[in-house]
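A.B. asks: Please work out how this folds:
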Amino acid sequence: MPGFGLGVYKVDEGDTVIRAVRTAIEVGYRSIDTASFYNNERGVGQGVRESGIPREEIFITSKVWNDEQGYESTLRAFEQSIEKLGLDYLDLYLVHWPVSGKYIETYLALEKLYKEGRVRAIGVSNFHVHHLESLLKDCSVKPVINQVEYHPHLTQKELKNYCERENIQLESWSPLKRGKLLTEPTLIEVGQKYGKSPAQVILRWNIQHNVITIPKSTSAERIKENATIFDFVLSDEDMKKIDGLNINDRSGSNPDDF
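C.D. replies: Model prediction:
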């Protein structure tokens, strides 16, 4: 799985998402992250096809939403996602949120899809440590990914350390905190040192922490800018300075309260 990709949460179905996906692939992105809840899987699939890049070179993730969870309903939800995307298989399928009383049977349905070769990898999203501990007692295929809110204001050190010990790759949604971090003085200052924007600094910080990152944008210029993060390296001092911005503040919901 590429360590960098395009997220399409709240990107409108139709021309908007088709254009964003096609643009991202044209400038070198090879990973696209969607979900049934985003209501744009058809456009994502069309954007991938219109890019002209072979399907096997694109890594596509989708997720099963909360009201689709449960064993049989998850299998049905998967078929709907595949049909909308126009694909024969998914590269990665995730449990979108740990719905109490349902997420384990939902994950067992993902295991079935994995063992049948319908998905190449399976994982979870928005799982705390206690959700993962519970899941690992019952699953036969360990989740390879935990996609969570992760950015300089929410570094989730306990969760990150746990995932590293269990060999579960952490992935960041909302790496820019829905744009709220772009005016953070420390990030502006660090960016000036490298000739980079605060967004590029944050995404590079993700990469250097071995966290997969999937920034969202519909702007062709911003999509290209976000990907221009492999021509510089943040110093250890600057990494620590950015780590020090953590205030355990979420832009989205806490999985225990959602």
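
A.B. asks: so who does the residue nearest to Arg120 when sequence neighbours are not counted touch?
C.D. replies: Here the nearest residue to Arg120 in space, its sequence neighbours aside, is Asp91; by C-beta to C-beta, 6 or more residues apart in numbering that works out to 4.9 Å. Quick note: C-beta positions are derived from backbone N, CA and C, even for glycine. Neighbour list for Asp91: 1, 58-61, 119-121 [criterion: C-beta atoms under 8 Å, 6 or more residues apart in numbering].

A.B. asks: With Tyr9 instead?
C.D. replies: Tyr9 sits in contact with 35, 38, 173, 216, where contact means C-beta under 8 Å, 6+ apart.

A.B. asks: That one: what secondary structure?
C.D. replies: Following DSSP: H, G, I helix; E, B strand; the rest coil, we place Tyr9 in the coil state.

A.B. asks: swap in Ile53?
C.D. replies: With three-state DSSP as the basis, Ile53 sits in coil.

A.B. asks: For the closest residue to it other than its chain neighbours, grab the count of nearby residues.
C.D. replies: Excluding the flanking residues, the one nearest Ile53 by C-beta to C-beta, 6+ apart is Ile25, at 5.5 Å. The local packing of Ile25 (other C-beta atoms under 10 Å) involves 22 other residues.

A.B. asks: Are we agreed that Ile25 is in a strand?
C.D. replies: No. Looking at Ile25 with three-state DSSP, it is helix, so not inside a strand.

A.B. asks: how long is stretch 250-258 end to end?
C.D. replies: By C-alpha to C-alpha, to the nearest Å, the extent of stretch 250-258 from end to end equals 13 Å.

A.B. asks: list the buried ones in it?
C.D. replies: Going by neighbour count (16 or more other C-beta atoms under 10 Å), the buried part of stretch 250-258 is 251, 255.

A.B. asks: sorry, back to before: could the contacts of Tyr9 go into CSV alongside neighbour count, pLDDT and distance to Glu13?
C.D. replies: Formatted as CSV, these follow (neighbours: other C-beta atoms under 10 Å; pLDDT from 0 to 100; distance: C-beta to C-beta, whole Å):
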residue, neighbour count, pLDDT, distance to Glu13
Ala35, 23, 98, 13
Tyr38, 22, 98, 8
Trp173, 21, 97, 19
Lys216, 21, 96, 15
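
A.B. asks: From the residues you listed, pick the one nearest His128.
C.D. replies: Minimum distance to His128 across the contacts of Tyr9 is 14.9 Å, recorded for Trp173 (C-beta to C-beta).
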